[in-house]
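Enquirer: Give me a model of this one.
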Amino acid sequence: MKAQWLCRSLGLAMTVMFLVSACAPAVSPTPQTIVEQVVVTALPQVVEGPKGTLTIGVPSVVETLDPALATEVMQENAAATPYETLTFLDGATGEVKPLLAESWDVVDPTTYVFHLRHGVKFHNGEPFNADAVTATFDFMKADETGTRIWAWETVKSVEKVDEFTVKITTKAPDPVILKRLALYLAPIYPPKYVAQVGADGLANNPVGTGPFKFKEWVAGEKVVYEANPDYWGRPDIARVEFVVWKSIPEASSRVAALEAGEIDIATAVPPGQIGILMDHPNLIVSRALGTRIFYVLFDNISSGKGTPLEDKRVRQALIYAIDRQAIVDTVFQGQGKVLSSFIGPTQFGYDPTLAPLPYDPEKAQQLLTEAGYPNGFKTSIAVPSGAYANDVQAGQAIVGYLSKVLDITLNVREANTHWDLECAHQFDPMFFDGSGDRFGDPSYPVNLIMITDNNCWATWDSPEQQRLLKQAAEIVDPAQREKIYHEVARLMQEDPPGIALWQVYNFVGMNKRVSGFAPWPTESMSMRGVSVAD
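Expert: Numbering: from 1, shown residues only. Next up, the predicted model:
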C-alpha cells in the first residue's frame, strides 16, 4: 500500500498560456552539460497544425487509462494525457494557475467558488459545465475501493451555483486544496459518458477535454493519443499529431531505444547511464531535483522504546557519524542534495538558511560518550530492496559509517515485506525509506512519517513536532505556514526523529529534435506545447 502512495507524484496539467521551455546549466560529472529546465516562458504562436509523432519510453506497464486509478506516476502520466483538471500546478514554480476553472474566489478558509471556462467540450461532444464537476465528485466519492477519492478527500461538498459556477467546501481548512484539484488524480469526466460506460469504460476508453484524445491502447506495449482538432484552447498547445507512451521496463533498453531513435524521450534514466547519452551527438540529458525525501527514521513506540535511541544526544551523534555527501557522491554519482531536515529544497517551507549537520565523527563520539555509550550499543537497521534506485547500496553505505560507532546489523527485505512490518510495528529500531511529495508541500510526506494518530507508518512520537505539523496543515496563510515549517525543521535537528538524508535528481534523456519539454521535480509530465522537428 505504501508503495502506491509514495510512488505517486503531483498530477499536472499545463495552462493554455505557459510552458517550461528554457534551461539553466548545471554541474555535470561528464564533459557535456546536463540541463536543468526551470524557467517558465510564453509560447510563440504557431500557425501550422500539429506535426510528427512524439514517443516517450517509460518503465511502467500501463494497467489503466483512468488516471484516478493509476498506482504509479508514469502510469498516471500516460493515462492523464486526454484529461484536464480545474486548476494547474506549475511544475517549475509551484504556482497554481487556472485551467478548466478560469478563476476562483476564496470566500473563507473552507469555501471556494470556482468560475468555470465557457465553450469547453469533451471529446465526445458533451459540454463541460458545473454539472460535470459535481458529477465527477459524486463519482469519485461513490467508488467502493476508496482509491478515487484521494485527491478530493478533504472536500465536504461540491455544489452547483449556476451553469458555470461551483462552490467547493472543505471539511476543514486545507492549504493545498487548489493543488489537490490540479492532480492527475482529479480529472473532470463527462457525466453522460460515465453513466453510460461506468468505471470499466473509463479505464479502457478515456474521454476528456484536453488537446489530445485517445486513439489506441496495445496492452503491455503502448498507448497512443492524437491531437484534438476541436480543442478549446490555443492551437499551438497540441504541436504533435500523435503522442505515444511506450512501455520499456528495463532502463538499459530505454537508453538503447533512445540511442537508436525508436523513442524521443527516455524517462527514469539511472545516473550510471547518463554518460552514455551525453556522448551521443543527437541526445541531451535533462534533470530535476526530485521531491522525494530519503531518511533513516528512528522508533520510540515499539522496538526502539527503552533503547539508547530515546536519548537525543545519541540520535544527533548518528547524524554526525554519517558522511551523507560522500554517499551521494559515490552511490548517486553526485546527483543529489543532502538535507538539513525532512523538508527539502523542492518543498514549500524549506529554510535555505538551515544547513545540514556536517560529517563530524569526533562530535559523534563525544555525544555518544556524554550519553553513556562510549563503545556504542547493539541495534539494527532495515532497508527495502527494490523500492528505490540504489536503495540497498545506500543502506550498506549508511551501515558502513554507523558500524564505526555501533554494533549494528543490516536487515535487507523485499520492499512490500519491509512496509508490512513497518506498518505492523514489528520492525527494527531504525529503517531507511523515502516519502514522495505530490504538492511541493510537507503536508503529505512529512506528516505521513511523523503524525502517529491513526497512522501506522509513523514510528517516532514527538508531541511538539506533531503539534506544529498539525497546525501547519490547517493554516491557509502561506507566511504563517512557512514560519511554522522553519521552526519544525530546526526542532528536527535539535531533537531528531530520524536522519534526513538526501533528495536525488530525476533524469530524462531526449533527442535534440524535441523542444518545449522539461522534467519536473514530481516526475509528472505534460506533452502540451511539446514539438518534434522533422
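Enquirer: For V218, the count of nearby residues, please.
Expert: 11 (other C-beta atoms under 10 Å). In short, each C-beta sits where N, CA and C put it, glycine included.
Enquirer: Let me know the distance separating it from Y225.
Expert: The spacing between V218 and Y225, counted by C-beta to C-beta, to the nearest Å, is 13 Å.
Enquirer: pull the longest strand from this structure.
Expert: The residue-count maximum for a strand in the chain (DSSP state E) belongs to strand 498-511.
Enquirer: Note down every partner strand of that strand and its orientation.
Expert: The pairing partners recorded for strand 498-511 under DSSP bridges are strand 265-266 (antiparallel), strand 283-289 (antiparallel), strand 293-298 (antiparallel), strand 336-338 (antiparallel).
Enquirer: Quick check: next helix or strand after that strand?
Expert: Of the helices and strands lying after strand 498-511 in sequence (DSSP states H and E), the nearest is strand 514-515.
Enquirer: Rounded mean pLDDT for that following strand, please.
Expert: Averaging pLDDT along strand 514-515 yields 96.
Enquirer: Who are the packing partners of that strand?
Expert: Contacts defined by 3 or more C-beta pairs under 8 Å, 6 or more residues apart in numbering; DSSP states H and E place strand 514-515 against strand 531-532.
Enquirer: Mind giving me the packing neighbours of the strand it packs on?
Expert: Right, strand 531-532 is packed against strand 53-58, strand 514-515 by 3+ C-beta pairs under 8 Å, 6+ apart.
Enquirer: Low-confidence ranges, the protein, go.
Expert: Scanning the chain for pLDDT under 70 picks out 1-47.
Enquirer: Could you chop it up by domain?
Expert: As given by automatic domain parsing, the domain ranges for the chain are 2-282+512-532, 293-504.
Enquirer: Run through who's touching the one helix or strand M74 maps to.
Expert: Assigned by DSSP H and E, M74 belongs to helix 73-79. Residues from elsewhere that reach helix 73-79, judged by C-beta atoms under 8 Å, 6 or more residues apart in numbering: 7-9, 11, 58-60, 62-67, 69-70, 184-185, 206, 223, 245, 267-268, 522-525.
Enquirer: export it as CSV, just CAs?
Expert: Extracted in CSV, the C-alpha atoms of helix 73-79 (Å, rounded to 0.1, in the frame of the first residue of the first chain):
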residue,chain,number,x,y,z
VAL,A,73,3.5,8.2,-11.6
MET,A,74,4.4,7.2,-15.1
GLN,A,75,1.1,5.3,-15.4
GLU,A,76,-0.6,8.5,-14.3
ASN,A,77,1.3,10.5,-16.9
ALA,A,78,0.1,8.2,-19.7
ALA,A,79,-3.5,7.9,-18.5
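Enquirer: so P497 touches Q465, yeah?
Expert: Yes: under the criterion of C-beta atoms under 8 Å, P497 makes contact with Q465 at 6.6 Å.
Enquirer: Quick check: phi and psi at the closest residue to S303 other than its chain neighbours.
Expert: Nearest residue to S303, sequence neighbours excluded (C-beta to C-beta, 6 or more residues apart in numbering): P429, at 4.9 Å. Per-residue torsions, P429: phi -70, psi -20 (degrees, to the nearest 10).
Enquirer: Tell me which residues touch P429, please.
Expert: F298, D299, S303, G304, T307, L309, T379, S380, I381.
Enquirer: now do 7 Å
Expert: By C-beta atoms under 7 Å, 6 or more residues apart in numbering, the residues touching P429 are F298, D299, S303, G304, T307, L309, T379, S380.
Enquirer: Quick one: work out the angle between the longest strand of the chain and strand 53-58.
Expert: In terms of direction (axes from the mean of the first three to the mean of the last three C-alpha atoms, to 10 degrees), strand 498-511 departs from strand 53-58 by 150 degrees.
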